[in-house]
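> A structural model of the following input is requested.
(one chain, ligands or ions: 1)
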Amino acid sequence: MISEFPHLIDLNDYPVTWWNGLLDLGEKILQNPALYANSCKGKLMGTLFYEPSTRTQMSFQTAMLRLGGTVIGFDNPLTSSVAKGENLKDTTKIVSNYADVIVMRHPTAGAAKAAALTADCPVINAGDGGHLHPTQTLTDLLTLKVKKKRLSGLTIGLCGDLYNGRTVHSLCKAMSCYPDNHFIMISTKELRMPSYIKDAIRAGGGTYEETESLEAVMDKLDVLYMTRIQKERFASEEEYLAQKDTYILTPKKMQLAKQDMIVMHPLPRVDEITVPVDDDPRALYFKQAKYGMYIRMALILTMLQSTAKTELLRGKEHMGVVCRNEKCITHAEPYLPKSFTGTGTTLVCEYCDHRLLLEH
Ligand code: NCD
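Next up is the predicted model:
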């Protein structure tokens, strides 16, 4: 299914040259934001946030306001018609009548793609459940470009909830498309990186290793990307408590790291980085959040100027086959066409990337 509009659902739907163009624009805006103060005058952005957010929502809003545009939206679906039972399709359709671009965050994997299927304007994925978070990745890429001066040849430690953390999923998919990047995945056995992301790293030409010890690998890292244990994505409080506090970055552990290593975190932090680490010049997470605003200015501008169409569904329906990921949007919004890529006995859900094996 081809949409008439450009959408950003997954960064990997675009070539690396497109990301590089955005990063160049983001850097130009960062150097002289005033130049862009009227670039989106008369344009309106709709922010549909079905899940809590501080940075992503506010950085999108300030980005649009700093481009001279305006903003409508909700940050609590219970104050909208969603509380009356309105489905995702109808809400998106209506808001796309009012807005020139929609930014959506949703607790369910594949929601942004589902929204893009019906929207009459571009849709930007601001996080879909534990699946992807492409605009956080753009933020991370801009931070790396400015602070490390390169996007290749890096050893990147990813630490924490690698299973549920959408930011590390998108980051790995993107960074493996630049040459010679090596990922060190630091997590408990329960919270390991999903295999579809590891496959994407291999396919992109990247390499990875897995470990349970942060201290053991600290001295190898050029970048340490810390993440929060994603409490809201656990089936029970008990399972969450068993994972909480496993990895805590302290000034003492920072002594093991290279002098030019940088610490990144998409935020919010809970307790995985102690507050004294903030005073270490290598702690970049607050700066990183600011870069998020500049790259979102570049993204909004680009999406509003583009006339590109987007291929949203490439695969096909298979008689009686449904996605087996219970957190997939196709279960919450049953009218959606089920669509799978893949051949033979392995199918891949086009909304949430979940794989299913067909039995014959
Ligand atoms: C992240 C998210 O929402 O996935 N936050 C963000 O957008 N900066 C990370 C998180 O919630 O842990």
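
> in the lengthiest helix in the chain, what's buried?
Looking across the chain with DSSP state H, the single longest helix is helix 285-305. The neighbour-count check on helix 285-305 (16 or more other CB atoms under 10 Å) flags 285, 288-289, 291-304 as buried. In this view, the C-beta of every residue, glycine as well, is placed from N, C-alpha and C.

> partners of the helix or strand just after that helix, with directions?
Downstream of helix 285-305, the next assigned helix or strand under DSSP states H and E is strand 310-311. Take DSSP bridges as the rule and strand 310-311 pairs in its sheet with strand 2-3 (antiparallel).

> residues making contact with the strand it pairs with?
Around strand 2-3, the neighbours that count as contacts under CB atoms under 8 Å, 6 or more residues apart in numbering are 116, 117, 119, 309, 310, 311, 312.

> I'd like to know which of these are buried.
Buried among these (16+ other CB under 10 Å): 116, 117, 119, 310, 312.

> mind putting these in TSV, distance to residue 204 and pLDDT included?
Shown next, in TSV, are the buried ones among the contacts of strand 2-3 (distance: CB to CB, whole Å; pLDDT from 0 to 100):
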residue	distance to residue 204	pLDDT
116	24	98
117	27	98
119	29	98
310	21	95
312	22	97
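
> Specify which member of the residues you listed is nearest to residue 180.
residue 310 (30.4 Å; CB to CB).

> separation between that closest one and residue 44?
Counting by CB to CB, to the nearest Å, the separation of residue 310 from residue 44 is 21 Å.

> do residue 152 as well
38 Å.

> Which one's more surrounded, those two?
Counted by other CB atoms under 10 Å, residue 152 and residue 44 do not tie: residue 44 has more neighbours, with 16 against 12.

> my guess is the more buried one meets residue 99, correct?
Yes - the criterion here is CB atoms under 8 Å, and residue 44 meets it with residue 99 at 5.0 Å.

> Could you name every residue contacting both of the two?
Joint contacts of residue 44 and residue 99 (CB under 8 Å, 6+ apart) are residue 72.

> Give me the distance between residue 146 and residue 167.
From residue 146 to residue 167 the distance is 18 Å (CB to CB).

> The two: who's more crowded?
residue 167 (26 against 17).

> any chance you could map the helices in the chain?
16-31, 55-66, 88-98, 111-118, 134-147, 166-175, 195-204, 214-217, 237-243, 251-254, 285-305, 329-332.

> For the first one, name the packing helices and strands.
Using 3 or more CB pairs under 8 Å, 6 or more residues apart in numbering; DSSP states H and E, the elements in contact with helix 16-31 are helix 134-147, helix 285-305.

> Mind putting the contacts of strand 2-3 into a markdown table with distance to the ligand?
As requested, the contacts of strand 2-3 are arranged in a markdown table below (distance: CB to the nearest ligand atom, whole Å):
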| residue | distance to the ligand |
| --- | --- |
| 116 | 19 |
| 117 | 23 |
| 119 | 21 |
| 309 | 28 |
| 310 | 23 |
| 311 | 26 |
| 312 | 22 |
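
> right, and the pair among those with maximum separation?
119 and 311 (15.0 Å).

> any residues touching stretch 4-19, and which ones?
112-113, 116, 119-125, 132, 134-135, 137-138, 141, 170, 173-174, 177-178, 200, 299, 303, 306-312.

> Show the buried residues in those.
So, by 16+ other CB under 10 Å, the buried ones in the contacts of stretch 4-19 are 112-113, 116, 119, 121-125, 132, 134-135, 137-138, 141, 170, 173-174, 177-178, 200, 299, 303, 310, 312.

> Now do the phi/psi pair for the closest residue to the ligand within the stretch 101-250 of the chain.
Nearest to the ligand, among the residues of the stretch 101-250 of the chain, is residue 228, at 4.0 Å (CB to the nearest ligand atom). Main-chain dihedrals, residue 228, degrees, to the nearest 10: phi -80, psi 150.

> mind listing what it touches?
Contacts of residue 228 by CB under 8 Å, 6+ apart are 160, 161, 165, 265, 268, 269, 270, 272.

> In CSV, list the helices and strands packed on helix 16-31 along with distance to residue 276 and mean pLDDT.
As requested, the helices and strands packed on helix 16-31 are arranged in CSV below (distance: least, CB to CB, whole Å; pLDDT from 0 to 100):
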stretch, distance to residue 276, mean pLDDT
helix 134-147, 21, 98
helix 285-305, 14, 98
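
> does residue 261 really touch residue 223, like I thought?
Yes - if you go by CB under 8 Å, residue 261 and residue 223 touch, sitting 6.8 Å apart.

> and the two? which has more neighbours close in?
residue 223 (25 against 20).

> Make TSV from the helices of the chain and add distance to residue 277 to it.
Shown next, in TSV, are the helices of the chain (distance: least, CB to CB, whole Å):
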stretch	distance to residue 277
helix 16-31	25
helix 55-66	19
helix 88-98	39
helix 111-118	33
helix 134-147	16
helix 166-175	19
helix 195-204	27
helix 214-217	13
helix 237-243	21
helix 251-254	6
helix 285-305	9
helix 329-332	37
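
> Of these, which is nearest residue 340?
helix 329-332 (10.3 Å).

> elements contacting the closest one?
helix 111-118.

> angle of the helix it packs on against helix 88-98?
60 degrees (axes from the mean of the first three to the mean of the last three CA atoms, to 10 degrees).

> for helix 111-118, the distance to its chain's centre please.
16 Å (CA atoms, centre = their mean, to the nearest Å).
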